[in-house]
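**Q** Task: produce atomic coordinates for the following.
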Amino acid sequence: MTKFESRHYGVGAWLGIGAWSLVILPVLKDSGRCFACGKDNLQGLRLPIVSRPEGVEMSYAVPDGFAGWQGIVHGGIVAAMLDELMAWAGNQSDRSTVTAEMTVRYHKPVKTNQPIRGSGRITEDRGRLVRAEAQLLDESGELLATATGKLVRVTGASEQ
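**A** From the prediction side, this is the model:
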């Protein structure tokens, strides 16, 4: 087995040799402890993401504990929310995917304790490579942050 054929237990699958690979993971199990969406993770975001025919969506207000500057959600938390929306969209329709690459654009500050809406959807499914996008909007519909990403299909089944 070469170093590129070894099992990958982290996120991502770019091999650095100009080709995408299926990521080989053990069975993906939802432990309820995911930082972004895990209902059993009291230190996490516990995002209430729901599936829709056109993708996924959520409504949420980020607590103060996830601020960077006072009253403004930390940029890493914003990225985590966008990543989770894309991941949920990628795992619809009997797909099991993990994020391999993500680009985030911060349009306006996301304020703590203010209602936001998020959505994610698949923009292209090319078998092993799945492209997705996500966005966060404030209550008035103003664009706060967007992301595009490349997700890769993983081998093995997922268990909810």
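
**Q** in this structure, which spans are strands?
**A** Secondary structure of the chain (DSSP state E): strands located at 23-24, 28-29, 50-52, 55-61, 97-106, 115-126, 129-138, 143-155, 158-159.

**Q** low-confidence ranges in the protein?
**A** 1-28, 156-160 (pLDDT under 70).

**Q** repeat that for 90
**A** Scanning the chain for pLDDT under 90 picks out the ranges 1-32, 92-97, 127-128, 153-160.

**Q** thinking again about what came up before, can you redo the strands of the chain as CSV with mean neighbour count?
**A** The C-beta positions use only the backbone N, C-alpha and C, and glycine is treated the same way. Shown next, in CSV, are the strands of the chain (neighbours: other C-beta atoms under 10 Å):
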stretch, mean neighbour count
strand 23-24, 18
strand 28-29, 12
strand 50-52, 11
strand 55-61, 18
strand 97-106, 17
strand 115-126, 17
strand 129-138, 21
strand 143-155, 20
strand 158-159, 12
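
**Q** May I see the ones you listed organised as CSV, with distance to L42 added?
**A** Formatted as CSV, these follow (distance: least, C-beta to C-beta, whole Å):
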stretch, distance to L42
strand 23-24, 29
strand 28-29, 20
strand 50-52, 21
strand 55-61, 16
strand 97-106, 24
strand 115-126, 21
strand 129-138, 23
strand 143-155, 25
strand 158-159, 23
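
**Q** Identify whichever of the ones you listed lies nearest to G75.
**A** Of all these, it is strand 97-106 that lies closest to G75, at 6.3 Å by C-beta to C-beta.

**Q** For C34, see how far away I49 is.
**A** With distances taken as C-beta to C-beta, to the nearest Å, I49 is found 10 Å from C34.

**Q** Pull up the overlap in contacts between the two.
**A** Taking C-beta atoms under 8 Å, 6 or more residues apart in numbering as the criterion, I49 and C34 both touch E84.

**Q** quick one, which of those two is more surrounded?
**A** I49 (20 against 17; other C-beta atoms under 10 Å).

**Q** can you tell me which residues contact that one?
**A** Applying C-beta under 8 Å, 6+ apart, the residues contacting I49 are 37, 56-58, 84-85, 88, 118.
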